[in-house]
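> sequence and predicted structure, then a few things I'm wondering about:
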Amino acid sequence: MKFVLIFGPQAVGKMTVGHELERITELKLFHNHMTIELLAPYFGFSPKMWELVDTFRRDIFEAAASSDMYGMIFTYVWGFDLPNDWDYVERIIKIFEDQGGESYFVELEAELEERIERNKTPHRLAHKPTKRDIARSEQNLRQTMEQHRLNSLEGEIQKENYIRINNSQLNAQEVAEIIKNRFAL
């Protein structure tokens with residue numbers, strides 16, 4: 001089992017790159033909004049929703065890790081200033097590695113102006129109904145960026161299978177090819 005974690009700030013292109021990587025490999029995409037969009041209509045963005053999101057994701061990770069699936073892609077907004085986010089990443093990686101899986105870390109970064117434009121794309125809005133209020137979504141994007149550090153510092157991630165890609169000027173297909181080739185997926 002290969003577990004590819006694609007992380008970076010909102011609207012950097014994690015899901016879109018994940019879709020392209022899924023298209024050119026045997027990996028299956030499980031983007032972070034799949035659970036959010038399932039539960040938000042019932043519970044809003046409440047503590048109960050986040051509790052259920054965590055439970056659903058953990059169950060899905062455990063089922064995938066013990067399956068004969070080739071691999072999974074998961075997308076995540078990682079707050080590097082938040083110890084709980086570091087712990088969460090370690091917990092999900094452990095699920096796969098305890099079953100003999102390999103983990104791959106893909107960090108995406110892009111200029112703010114590019115992310116604001118990507119926040120409005122039809123592909124993003126089709127897959128993430130909670131982002132369709134563009135003004136609110138952009139406000140959340142800016143606020144989260146101001147409150148948290150959403151890209152790592154140089155040398156902060158000490159993982160063997162790690163790549164950082166500035167995709168401000170790259171399309172999703174190009175980024176997916178870089179990831180596929182770098183990790184021989």
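Thanks, I have the structure now. Residues are numbered from 1 along each chain as shown.
> show me the helices in the protein, by range?
Listed in chain order, the helices of the chain (DSSP state H) span 14-24, 33-43, 47-65, 83-97, 112-118, 122-127, 134-147, 172-183.
> can you give me how far the longest one is from the chain middle?
Spelled out, it's helix 47-65. 15 Å (CA atoms, centre = their mean, to the nearest Å).
> what does the second one give?
Helix 33-43 sits 16 Å away from the centroid of its parent chain (CA atoms, centre = their mean).
> and the spatially closest residue to residue 14 that is not a sequence neighbour, what does it touch?
Counting by CB to CB, 6 or more residues apart in numbering, residue 75 is the residue found nearest to residue 14 once chain neighbours are left out, at 3.8 Å. Every residue, glycine included, has its C-beta placed from N, CA and C. Applying CB atoms under 8 Å, 6 or more residues apart in numbering, we find residue 75 in contact with 5, 6, 7, 14, 15, 18, 29, 31, 32.
> mind doing that once more with 6 Å?
6, 14, 15, 18, 31, 32 (CB atoms under 6 Å, 6 or more residues apart in numbering).
> what's the spacing between the fifth one and residue 146?
This points to residue 31. Distance of residue 31 to residue 146, computed by CB to CB, to the nearest Å: 24 Å.
> repeat for the fourth one
Remark: distance between residue 18 and residue 146 (CB to CB) = 26 Å.
> ok, the two, which is more surrounded?
Between residue 18 and residue 146, residue 18 has the larger neighbour count (other CB atoms under 10 Å), namely 27 against 7.
> wait, what's in contact with that one?
Contacts of residue 18 by CB under 6 Å, 6+ apart are 6, 29, 31, 73, 75.
> need those in CSV with distance to residue 93 and pLDDT, can you?
Shown next, in CSV, are these (distance: CB to CB, whole Å; pLDDT from 0 to 100):
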residue, distance to residue 93, pLDDT
6, 13, 98
29, 18, 98
31, 17, 95
73, 14, 98
75, 14, 98
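> report the longest strand in this protein, please.
Under DSSP state E, the strand in the chain containing the largest number of residues is strand 102-109.
> give me the helices and strands touching that one, please.
strand 2-7, strand 162-166 (3 or more CB pairs under 6 Å, 6 or more residues apart in numbering; DSSP states H and E).
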